[in-house]
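Student: sequence? don't have it. structure:
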């Protein structure tokens, strides 16, 4: 996960999780040994991450051999209950793929156009300090070329809602959906719209707001009726203002909440879902996420034109080995395998989904913690570079 502007330490990025983890990690996937049978290499990489300090990991892979599930470590540091193979967790930035899928379906239905301005759907929302919704399109919001500032870059917001005592004082409160946009727009744009890629959580919140305006239903209702119900995603929910995780689930842990106490670990499982509405809030499982992303890549959710739009990427200058599409990214691993992926998280959780172009080899895993993001790529590489047979 790359360092967020204004943060004091690189470790803090695991809290905001503003985008991808791959900066400086290309070599981690090179020089792999002979292919292991089954998913043994993946299991070893998962065990190594737990041994290095991750409380627990749950994972599922689907390929030509069938379904493989595993879990390692603990789901609860107090009771030492093991992490479960079917655990539910907060998916963080994977939420953006659900939102992008809904918007692309709406485009196919002619309810909007990707090149509509944000102003057309959300009049008067994006303005001030040089930010102008008339000059920003829905496409630019989805591929993060809008230039909009990130609300996580606002020091007052982070101090109040994210760090240390501020988090614990406010985590049960309900936050208005537009509050994070208001916070972001107190700052000037990062760059003129369309001139480059620059990840901003504000984009994802605005995308969910466009869903509601264009569809006439809540973002949660649109996700449920368009994706969750048709695919039978029984473990996937939107929390609304709820603070608990559905069972089965473990606890979520954060280490860098108190910057002066870098080794302090806190249980951050409970959080009002409104704090993450629209961009970080969905709760799911590894099995449901594989089912969703697999269906998406196979064309079961989008017509060909919209799937091509989703997979049309822009250069990500901050992560040169990856390219950013609409709610999904592309990466070529050191062994030569290219995967479509989405990584991200929220306080207490890190998740990754990756799959081959044809959608037949899927892999999802989750940490019940928000540190050691540098272990994600070795696990990913073990699955797609060291497991045999592979589909490309």
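Tutor: Perfect, I can see it now. Predicted model, so just to flag it, every value in this text is computed and none were measured. Numbering: from 1, shown residues only.
Student: which residue is nearest the centroid of this structure?
Tutor: residue 93 (2.1 Å; Cα atoms, centre = their mean).
Student: residues in contact with that residue?
Tutor: Applying Cβ atoms under 8 Å, 6 or more residues apart in numbering to residue 93 gives the contacts 17, 19, 204, 279, 280, 342, 343, 344, 345, 346. C-betas here are computed from N, CA, C, even on glycine.
Student: out of those residues, which one sits closest to residue 245?
Tutor: Set against residue 245, the nearest of the contacts of residue 93 by Cβ to Cβ is residue 346 (11.9 Å).
Student: from residue 375, how far out is the residue nearest to the centre of the chain?
Tutor: Distance of residue 93 to residue 375, given as Cβ to Cβ, to the nearest Å: 18 Å.
Student: strands of the stretch 201-350 of the chain, start to end?
Tutor: 253-254, 266-267, 283-285, 314-315, 322-324, 329-332, 338-346, 349-355 (DSSP state E, counting those that start in this stretch).
Student: need these in TSV with mean neighbour count and distance to residue 383, can you?
Tutor: As requested, the strands of the stretch 201-350 of the chain are arranged in TSV below (neighbours: other Cβ atoms under 10 Å; distance: least, Cβ to Cβ, whole Å):
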stretch	mean neighbour count	distance to residue 383
strand 253-254	24	24
strand 266-267	16	29
strand 283-285	25	18
strand 314-315	15	26
strand 322-324	21	17
strand 329-332	19	13
strand 338-346	24	9
strand 349-355	26	8
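Student: export those strands as TSV, with columns for mean pLDDT.
Tutor: TSV is the format used below for the strands of the stretch 201-350 of the chain (pLDDT from 0 to 100):
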stretch	mean pLDDT
strand 253-254	94
strand 266-267	95
strand 283-285	98
strand 314-315	94
strand 322-324	92
strand 329-332	94
strand 338-346	93
strand 349-355	97
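Student: how about these in CSV, adding distance to residue 139?
Tutor: Shown next, in CSV, are these (distance: least, Cβ to Cβ, whole Å):
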stretch, distance to residue 139
strand 253-254, 34
strand 266-267, 39
strand 283-285, 26
strand 314-315, 10
strand 322-324, 12
strand 329-332, 16
strand 338-346, 18
strand 349-355, 22
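Student: so which of those strands is nearest residue 260?
Tutor: Between the strands of the stretch 201-350 of the chain, strand 266-267 lies closest to residue 260; by Cβ to Cβ that is 13.7 Å.
Student: just checking, what packs against the closest one?
Tutor: The contact analysis (3 or more Cβ pairs under 8 Å, 6 or more residues apart in numbering; DSSP states H and E) places strand 266-267 against strand 253-254.
Student: run the chain-centre distance for the strand it packs on.
Tutor: Here the centre of strand 253-254 is set off from its chain's centre by 17 Å, with Cα atoms, centre = their mean, to the nearest Å.
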